[in-house]
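Trainee: got a sequence here, can you build the structure:
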Amino acid sequence: MRSYLMSLSRTGMKVLRMFLILSFSQFLIFLTSCSKETTEEEEYANWQEKNDAMIEQWASNSAFTTYKTYTKDQTTAGKNSDYIYVQILEEGSSSICPMYTDTVRVMYRGRLLPSKSYPEGYVFDQTYAKDFSWQTANALDFVSSGLVDGFATAIMRMHKGDRWRVHIPYTLGYGTSSSTSGIPAYSDLIFEIALVDFWSPGETYPSFKTR
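Mentor: Model (predicted):
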């Protein structure tokens, strides 16, 4: 009987030990989750207000070229958030632009506005590291119609060989909801885009070559 009771006691201790380990693990997960939420809140404090204010700054900057989103009536004036704001970094020699149904081959880097930990803005996607180079940057292919409104608006105004810095209000980006790639809600986007080539549906894909 004594050995039986001791066996039960040892079993009970094992169960208790496992319970404590599991409880502690769940507690650590809870703390990590809370810490992550707090960090994100601090990183992007007053984020909507900052991004709204930046749209107004872009709109008042006469050095930018503005283009109204292709989704809006082009014959009437729109809100500041209906436009993209462009700095032309390089100009190509082509005279035609991609259409909505075309596939485009682009090199790009996308970042957010500056925040606490990212004074130059968090880079959320890119096809090249460090400084841009037509010779070393990677390129990806997209159908224009599958891009966010601001990116597509820029692409359909660009010529092959152009490189632009495009400032996109959040209304023409990922909007008022967080994206699956971790971009917070109300995030204006700043893209550097280089248009390598484009082609229409049914055309043969051109071989990759730099400008």
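
Trainee: and the gap between the spatially most central residue of the chain and residue 88?
Mentor: Centroid-nearest residue in the chain, with CA atoms, centre = their mean: residue 124, separated by 5.0 Å. As judged by CB to CB, to the nearest Å, residue 124 and residue 88 stand 23 Å apart. Any C-beta I mention is one placed from the backbone N, CA and C, and that applies to glycine too.

Trainee: one more: residue 120?
Mentor: Using CB to CB, we find residue 120 at a distance of 21 Å from residue 88.

Trainee: now swap in residue 136 and tell me
Mentor: Counting by CB to CB, the gap from residue 136 to residue 88 is 22 Å.

Trainee: before we move on, the earlier item: please state the offset of the helix or strand where the residue nearest to the centre of the chain lies from the chain centre?
Mentor: In this assignment (DSSP states H and E), residue 124 forms part of strand 123-126. Its chain's average C-alpha position is 6 Å from that of strand 123-126, according to CA atoms, centre = their mean, to the nearest Å.

Trainee: what's the first helix or strand after it?
Mentor: Per DSSP H and E, the first helix or strand lying C-terminal to strand 123-126 is strand 140-143.

Trainee: in that following strand, what counts as buried?
Mentor: For strand 140-143, the buried set under the neighbour-count rule, 16 or more other CB atoms under 10 Å, comprises residue 142.

Trainee: if you average pLDDT over it, what comes out?
Mentor: In this model, strand 140-143 has a mean pLDDT of 97.

Trainee: what's the next secondary structure element after that strand?
Mentor: Next along the chain from strand 140-143, counting by DSSP H and E, comes helix 149-155.

Trainee: mind giving me the packing neighbours of that next one?
Mentor: Judged by 3 or more CB pairs under 8 Å, 6 or more residues apart in numbering; DSSP states H and E, helix 149-155 is in contact with strand 65-68, strand 83-90, strand 163-168, strand 189-199.

Trainee: what residues of the longest one count as buried?
Mentor: Read that as strand 189-199. Buried, per 16+ other CB under 10 Å, within strand 189-199: 189, 190, 191, 192, 193, 194, 195, 196, 197, 198.

Trainee: per-residue confidence at residue 25?
Mentor: 48.

Trainee: same deal with the one 4 residues further on?
Mentor: Here, the pLDDT recorded for residue 29 equals 47.

Trainee: again, but for the one 10 residues further on
Mentor: Note for residue 39: predicted pLDDT of 79.

Trainee: again, but for residue 174
Mentor: pLDDT at residue 174 comes out at 96.

Trainee: so it: helix, strand or coil?
Mentor: Three-state assignment for residue 174 (DSSP: H, G, I helix; E, B strand; the rest coil): coil.
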